[in-house]
Every structure is written in C-alpha cells, then in structure tokens.
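Student: any chance you can model this:
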Amino acid sequence: MALVSVKKKYQVVIPRSVRRKIGVKVGDLLEAKAEPGRITFTPKLAVDRGVAESIADFKAGRAYGPFGTHEGLVASLHEQAAKLRSKKKRRRSSRA
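Tutor: Alright, predicted model coming up:
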C-alpha cells in the first residue's frame, strides 16, 4: 500500500507502482468520486458528442461503411438511393 500526502493546492501524486498497474499516463482524464470515507479515481475517455452519436449510429445499424475504396462508397450511395426511390413509389401507388 502506497501512502500519499495532500500538497498545498490539494494536489496528490499517484505513486509509480499504482500508475503502472492501471496504465495512467500524463494527460489522461480521471473521474473523481467521493464515497463514504474514501475518494476514488477512475480513468475515463473524453469523446466528442458528435463522435459518440456516430458510434451509436453504427451500433444501431443507421450508418454505412467503412468502405475500402471510393467505388464501394459510390455503390452504397446508389443502393440507398434506389431503396428510397422504391419507397416513394410504393407510397404514391397506395394513395391512388
């Protein structure tokens, strides 16, 4: 067990052995949480909101790709456009 002291500006140095065990490096973000009788620090990743939404879209199947070539991208766009056109035709025929 490593003991640390609280410095003048309430800074605490995480001992090397602890940093190595959990893989904390300079610039990493830690979530500080107060619990009864203790403080816990948990490593966290900061993800931009737009990136997080994109990841959620991929997981939900609302996105396409990745594409190995530009031809694959163009082919996918044509497929999606054809699907949209067929949906519009079905809607128009059901109204008549």
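Student: spatially central residue for this protein, please.
Tutor: Ala52 (4.4 Å; Cα atoms, centre = their mean).
Student: can you name the next helix or strand after the host helix or strand of that one?
Tutor: Assigned by DSSP states H and E, Ala52 falls within helix 49-60. Counting by DSSP H and E, the element after helix 49-60 in chain order, helix or strand, is helix 70-95.
Student: state the mean pLDDT of that following helix.
Tutor: Helix 70-95 carries an average pLDDT of 84.
Student: repeat that for stretch 34-41.
Tutor: 94.
Student: can you dump the C-alpha atoms of that stretch in PDB for me?
Tutor: Output in PDB follows, covering the C-alpha atoms of stretch 34-41 (Å, rounded to 0.1, in the frame of the first residue of the first chain):
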ATOM      1  CA  ALA A  34     -16.400  10.900  -3.200                       C
ATOM      2  CA  GLU A  35     -17.700   7.800  -1.400                       C
ATOM      3  CA  PRO A  36     -18.200   7.400   2.300                       C
ATOM      4  CA  GLY A  37     -14.700   7.500   3.800                       C
ATOM      5  CA  ARG A  38     -12.800   7.400   0.500                       C
ATOM      6  CA  ILE A  39     -12.000   9.100  -2.800                       C
ATOM      7  CA  THR A  40     -11.900   7.000  -6.000                       C
ATOM      8  CA  PHE A  41     -10.300   8.000  -9.300                       C
END
